[in-house]
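Participant: give me a 3D structure for the following:
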Amino acid sequence: MTFSPLSSLPLPPLRDRALSAVRRLGRAAGPGHPGADDGPRLVRLLRRYEIDLVLDVGAYSGAYGAMLRRCGYEGRIVSFEPLREPRAELRLRAAEDPCWTVLPYALGDRTGPLVLNIAGDAGVSTSALAMLDRHRAAAPHTAYTGTRSVEAYRLDELWERVTAPGERVFVRLAVQGYEREVLRGAGAFADEIVGVQAGAALVPLYEGGAGFDDVLAYARDSLGLALMSVRPGLADPRDGRLLQCELVLLREDTPIPPQAAPSV
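Facilitator: Model prediction:
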């Protein structure tokens, strides 16, 4: 029997490799319990790609921004949160941080009123899209309890208000299936987005919502970003199936830093 060298063996498509990796992560970390080093690893990526502005879209009460600070990110943060109750806690978190700004808006592909469906998990799973049965069955406590009209903007209409020339911008999306709409709203400024962190559904969870393939393809083909990291998200407790993950994608446009010399 002859064996082909490893370099000549065909690799599975990127999507299959990513899905395989996230399933292994899901089994290792457990649903809803990311590894303890997720935050430091993300901040290392932000530092490696010289990110100095994070736009946190769907910031809720500010846990993501607080995590960035705790793990050593020192650049600017602009948090978008349209719901009054979580925004009050978000403002408290940001109050003592001169580099953390809070704006009371939703983002999307059009400017004007946007109706949000308020989720029962204190609003964390709130979305502009209808929730599908698969999501409700896996997490009954997230079922919608009402609606609220909020003010929404396209990102390109706010871009020059929230960014400074030369800043390298990373966009974090916690928008429950509305990822494509927010990114499309960047318009002509999309080329200035250096990185994205976004939820990606592995099965349909929201009506018309972006799935894993949609998010990965849009970030890669339209924004020129490369997949850097995958972490597990929502899993179905009935059978353990992973339903959602988070992708981190960045533009490979900075030189690889030299390897540190070994200590003598």
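
Participant: grab the longest strand from the protein for me.
Facilitator: Within the chain, and with DSSP state E defining each element, the longest strand by residue count is strand 144-154.

Participant: just the buried positions in that one, please.
Facilitator: Of the residues in strand 144-154, those with enough neighbours to count as buried (16 or more other C-beta atoms under 10 Å) are 144, 150, 152-154. Placement of C-beta: from N, CA and C, glycine included.

Participant: dump those into CSV; add distance to residue 106 and pLDDT as well.
Facilitator: Listed next are the buried residues of strand 144-154 as CSV, based on distance: C-beta to C-beta, whole Å; pLDDT from 0 to 100:
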residue, distance to residue 106, pLDDT
144, 16, 95
150, 5, 96
152, 4, 97
153, 8, 98
154, 11, 98
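
Participant: nearest to residue 77, of those?
Facilitator: Of all those, the one with the least separation from residue 77 (C-beta to C-beta) is residue 153, at 17.9 Å.

Participant: and that closest one, how far from residue 112?
Facilitator: Distance check for residue 153 against residue 112: by C-beta to C-beta, to the nearest Å, it reads 9 Å.

Participant: which one is residue 52 nearest to, not counting chain neighbours?
Facilitator: Nearest residue to residue 52 in three dimensions, chain neighbours excluded: residue 75, at 3.9 Å (C-beta to C-beta, 6 or more residues apart in numbering).

Participant: my read: that neighbour touches residue 49, true?
Facilitator: No. Using C-beta atoms under 8 Å, residue 75 and residue 49 do not qualify as a contacting pair, with a distance of 11.4 Å.

Participant: in contact with the residue nearest the centre of the chain, which residues?
Facilitator: Compute the mean C-alpha point of the chain, and by C-alpha atoms, centre = their mean the closest residue is residue 198, 2.5 Å away. Listed by C-beta atoms under 8 Å, 6 or more residues apart in numbering, the contact set of residue 198 reads 172-173, 179, 215, 219, 246-247, 249.
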